[in-house]
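Undergrad: sequence and predicted model, in that order:
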Amino acid sequence: MARVTVEDCVVQIPNRFELVMLAAHRARALASGAELAIERDRDKNPVVALREIAESRLDLSTVEDSLVKTFQKRIEPEQPEEETLDTMTGEQQNWAGAMDDVNEPGSRSLDDLPDDDEEVSDEENLESEADAGPEEGATASYEDTDAKR
């Protein structure tokens with residue numbers, strides 16, 4: 001690169017790191033087919049980008065915004081917040097409907113469970129264990145295992 005070109009660019013962009021980033025981004029844009037702001041004169045893309053910056057032929061804020069967008073991983077959607085809130089409300093309603101489908105007839109819901117203040121009697125526990133088969137988690141007593149041996 002021509003030292004004269006870099007020294008001219010430092011007048012426009014005093015931070016050399018920022019200058020390199022913007023010139024490299026502009027050179028990549030030129031390689032992708034962006035329109036030239038000056039004549040090429042057999043110069044390569046980095047030199048053309050520096051000459052464009054030195055001669056103030058570019059809107060630097062536009063180039064900087066374009067550079068920032070290339071580094072962003074999450075691009076904000078361009079929809080109003082009201083639509084987003086409506087969508088979220090609909091999703092919450094879908095979840096509530098899905099939870100209603102889980103409670104089958106005959107199954108216990110959270111409303112049927114006893115509160116912390118209420119005690120469950122031993123008879124109710126024994127009835128629920130007797131109803132449950134071995135695949136449902138009922139445990140065999142020691143006497144049953146001895147009898148099977």
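TA: Great, that's in hand. Numbers count the residues shown, from 1 in each chain.

Undergrad: neighbours of R26, how many?
TA: Per other Cβ atoms under 10 Å, the neighbour tally for R26 reads 24. C-betas here are computed from N, CA, C, even on glycine.

Undergrad: same question, Q12
TA: The burial count assigned to Q12 is 15, neighbours taken as other Cβ under 10 Å.

Undergrad: same question, R40
TA: A total of 12 residues lie near R40 under the criterion other Cβ under 10 Å.

Undergrad: what's the answer for L67, then?
TA: L67 has 17 nearby residues by other Cβ under 10 Å.

Undergrad: now do the buried residues in the one helix or strand it maps to.
TA: Under the criterion of DSSP states H and E, L67 resides in helix 60-71. Across helix 60-71, burial judged by 16 or more other Cβ atoms under 10 Å covers V63, L67.

Undergrad: ok, now stretch 21-32?
TA: Going by neighbour count (16+ other Cβ under 10 Å), the buried part of stretch 21-32 is M21, L22, A23, H25, R26, A27, A29, L30.

Undergrad: among those, which are in helices?
TA: Counting by DSSP state H, the members of the buried residues of stretch 21-32 that fall within helices are M21, L22, A23, H25, R26, A27, A29, L30.

Undergrad: circling back to that earlier point, which other helices and strands does the helix holding L67 contact?
TA: Counting contacts by 3 or more Cβ pairs under 8 Å, 6 or more residues apart in numbering; DSSP states H and E, helix 60-71 is packed against helix 16-31.

Undergrad: give me the helices and strands touching the helix it packs on, please.
TA: Taking 3+ Cβ pairs under 8 Å, 6+ apart as the contact cut, helix 16-31 packs with helix 3-12, helix 45-54, helix 60-71.

Undergrad: dump the ones you listed to JSON lines, plus distance to P77 and mean pLDDT.
TA: Below are the helices and strands packed on helix 16-31 laid out as JSON lines (distance: least, Cβ to Cβ, whole Å; pLDDT from 0 to 100):
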{"stretch": "helix 3-12", "distance to P77": "35", "mean pLDDT": "82"}
{"stretch": "helix 45-54", "distance to P77": "32", "mean pLDDT": "92"}
{"stretch": "helix 60-71", "distance to P77": "14", "mean pLDDT": "91"}
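
Undergrad: that'll do, ta.
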